[in-house]
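Visitor: Could you work out the structure for the sequence below:
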Amino acid sequence: MQNKIRTILMGTPEFAESIFRKFYDSLKDQFEIITVVTAPDKPIGRKQVLSPSPVKKWATEAKLMVLQPDKIRKPEWVAKIKNLNPDLIILTAFGQIIPQEILDIPKYKALNIHPSLLPKYRGASPIQSVILNGEKETGVCLMIMDAEMDHGQIISNLQFSISNKPTYTELSKQLSDLGAKLLIKVLPDYIDGKIKPQEQDHSQATLCKLIRKEDGKIDWNKSTEKIDCQIRAFQEWPESYTDFNGKVLKILEANIESPSNSLGSPMDNPSNNPSMEGTQGEIKGIGNTFLTDQGNLAVQTGNGILILKTLQLEGKNSMSAKDFLNGHKKIVRTTLK
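Guide: Numbering: from 1, shown residues only. Alright, predicted model coming up:
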């Protein structure tokens, strides 16, 4: 690599910020960051304070130029990118579709760091989808972007074994670290032509959907395992919630009940067997709350018991289930919907 590669970085959340920071610290002598493109500032919190993205915060600290297009496909933004004349674009978690006019600009293409083992989990929610589906393995890919979503040639990937039950925040951090490691390791060789990108096996492709607010609503008819996966996957957004006396109750943390633990008395646990069917084929007690013999607040699901650990009632701060019980005793022996 003779001269510095003129590079544009595109990304928005902490996942991207961590990758870009490590990349810049490791390879800034080889790659000149000519601008950083990120989302516009947006209102955050109850007071709706206008706040920059994590990527903008880092870029500002590093004294890098920042662009914040509302829609990067607009002609004026395409023209700005063309005028910068980048040799390379590196993108991850940007949040907008990049038009072909921009993809065609850089000599070394536009590259995406995608947090899944493509062609599995193409789309907007690969990390959440891996958790939702209880996958035991995932990873990151460095790929060349083309006109279709997450469809381009693979430059390289790194695999990662999921050995515990991570939350979205935990798995995102692990994959961000892995993405930075992959980028730093592979990019110089790619630029020097030492790596031949490989086509994906498109017959094996799977898609993950754009997550919406309503996806966070808990269906207590689902299995305990599925609900536990949902709570962990939607930890940051949209969060998992249920209805308690006409108010939204967020379930921020929960545990699967061990079969060895007592389920409480028949009065507390109306079905006495959470998987027993009634005479009309209905599962008794779905969504019912009770206290276990250990004093834990529990809910009957479609096939077992979920222990509630951290809750947040609409308009209130989050708190432990124990503290919530102290102020809301009526939550015991009710039905969450």
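
Visitor: How many residues are close by Glu236?
Guide: Counted with other C-beta atoms under 10 Å, residues neighbouring Glu236 total 13. Glycine gets a C-beta too; all of them are placed from N, C-alpha and C.

Visitor: Name the nearest residue to it, sequence neighbours excluded.
Guide: Tyr168 (5.4 Å; C-beta to C-beta, 6 or more residues apart in numbering).

Visitor: what do you get for Ile305?
Guide: Nearest to Ile305 is Glu257, by C-beta to C-beta, 6+ apart, at 3.4 Å.

Visitor: Look at the closest residue to Val49 other than its chain neighbours and give its secondary structure.
Guide: Beyond its immediate neighbours in the sequence, the residue positioned closest to Val49 (C-beta to C-beta, 6+ apart) is Pro43, lying 6.6 Å away. Counting by DSSP: H, G, I helix; E, B strand; the rest coil, the backbone at Pro43 sits in strand.

Visitor: Look up how far His114 lies from Pro43.
Guide: 29 Å (C-beta to C-beta, to the nearest Å).

Visitor: who has more neighbours, those two?
Guide: Neighbour totals were compared for Pro43 and His114, and His114 leads with 27 against 9 (other C-beta under 10 Å).

Visitor: correct me, but the residue nearest to Val49 touches Pro52?
Guide: No - if you go by C-beta atoms under 8 Å, Pro43 and Pro52 don't touch, sitting 11.7 Å apart.

Visitor: any weak-confidence spans in this protein?
Guide: Applying pLDDT under 70 to the chain flags residues 1-2, 258-284.

Visitor: How is it divided into domains?
Guide: 5-208, 213-331 (automatic domain parsing).

Visitor: so which strand or helix has the residue nearest to Thr334 when sequence neighbours are not counted?
Guide: Spatial nearest neighbour of Thr334, excluding adjacent residues (C-beta to C-beta, 6+ apart): Thr289 at 5.5 Å. For Thr289, the host element (DSSP states H and E) is strand 289-291.

Visitor: what about that strand, distance to the chain center?
Guide: Computed by C-alpha atoms, centre = their mean, to the nearest Å, the chain-centroid distance of strand 289-291 equals 31 Å.

Visitor: Which elements pack onto it?
Guide: strand 297-300 (3 or more C-beta pairs under 8 Å, 6 or more residues apart in numbering; DSSP states H and E).

Visitor: quick one: contacts of the strand it packs on?
Guide: Under the contact criterion C-beta atoms under 8 Å, 6 or more residues apart in numbering, strand 297-300 has outside partners 220, 257, 263-264, 269, 271, 274, 285-292, 305-308, 321-322, 324-325, 331-332, 336.

Visitor: looking at it, Ile162 is touching Gly139, isn't it?
Guide: No - taking C-beta under 8 Å as the definition, Ile162 is not a contact partner of Gly139, at 10.1 Å.

Visitor: How about the contacts made by the residue nearest to Glu236?
Guide: Tyr168 touches Ile127, Gln128, Ile131, Arg232, Ala233, Phe234, Gln235, Glu236, counting by C-beta under 8 Å, 6+ apart.

Visitor: Apply 6 Å and report the result again.
Guide: Ala233, Gln235, Glu236 (C-beta atoms under 6 Å, 6 or more residues apart in numbering).

Visitor: just the helices in the stretch 201-337 of the chain please.
Guide: 224-233, 321-327 (DSSP state H, counting those that start in this stretch).

Visitor: List the buried residues of the first one.
Guide: By neighbour count, and taking 16 or more other C-beta atoms under 10 Å as the criterion, the buried residues in helix 224-233 are Thr224, Lys226, Ile227, Asp228, Cys229, Gln230, Ile231, Arg232, Ala233.

Visitor: What is the nearest of these to Asn3?
Guide: Taking C-beta to C-beta as the measure, Ala233 is the one of the buried residues of helix 224-233 closest to Asn3, at 43.8 Å.

Visitor: Name the SS class of the residue lying closest to that closest one once chain neighbours are set aside, please.
Guide: Setting aside the residues directly before and after it, Ala233 is nearest to Ile131 in space (C-beta to C-beta, 6+ apart), at 3.9 Å. Secondary structure assignment for Ile131 (three-state DSSP): helix.

Visitor: burial count for Lys181?
Guide: Count around Lys181 with other C-beta under 10 Å applied: 15.
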